[in-house]
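>>> Give me a 3D structure for the following:
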Amino acid sequence: MTSVSETPADIETLSYEEARDELVRVVSALEQGGATLEQSIALWERGEALARRCETWLIGAKERLDAARAAADSS
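Alright, predicted model coming up:
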């Protein structure tokens, strides 16, 4: 089982859009049901890792915007 702080290597290479799209598929699969408990747990864990990847991208984008605004303000 993957710990909360670990992100699978394949997820670390995803763009924001790729991670978001896969997260949508994972959520849809969980909502449809029909998976075994073990499959559901694996999907949930992957979804959590994908959500963290998206959050990392969004935080990075915010930091870049903040830096650009700060540079523009100091000009």
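>>> neighbours around residue 54, how many?
By other Cβ atoms under 10 Å, the residues close to residue 54 number 19. No exception for glycine: its C-beta is placed from N, CA and C like everyone else's.
>>> Same check on residue 46?
For residue 46, using other Cβ under 10 Å, the count is 19.
>>> which sections of the protein are below the confidence cut-off?
1-6 (pLDDT under 70).
>>> If we go by neighbour counts, what in the host helix or strand of residue 53 is buried?
Residue 53 belongs to helix 37-74 when elements are defined using DSSP states H and E. Neighbour counts over helix 37-74 (16 or more other Cβ atoms under 10 Å) mark 43, 45-47, 49-50, 52-54, 57 as buried.
>>> okay if I get the residues you listed as JSON lines plus distance to residue 22?
Shown next, in JSON lines, are the buried residues of helix 37-74 (distance: Cβ to Cβ, whole Å):
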{"residue": "43", "distance to residue 22": "11"}
{"residue": "45", "distance to residue 22": "13"}
{"residue": "46", "distance to residue 22": "8"}
{"residue": "47", "distance to residue 22": "9"}
{"residue": "49", "distance to residue 22": "10"}
{"residue": "50", "distance to residue 22": "6"}
{"residue": "52", "distance to residue 22": "13"}
{"residue": "53", "distance to residue 22": "9"}
{"residue": "54", "distance to residue 22": "10"}
{"residue": "57", "distance to residue 22": "13"}
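>>> Please identify which of those is nearest to residue 67.
Nearest to residue 67 among these is residue 57, at 15.8 Å by Cβ to Cβ.
>>> ok, now how distant is the closest one from residue 26?
To residue 26, residue 57 is 17 Å away according to Cβ to Cβ, to the nearest Å.
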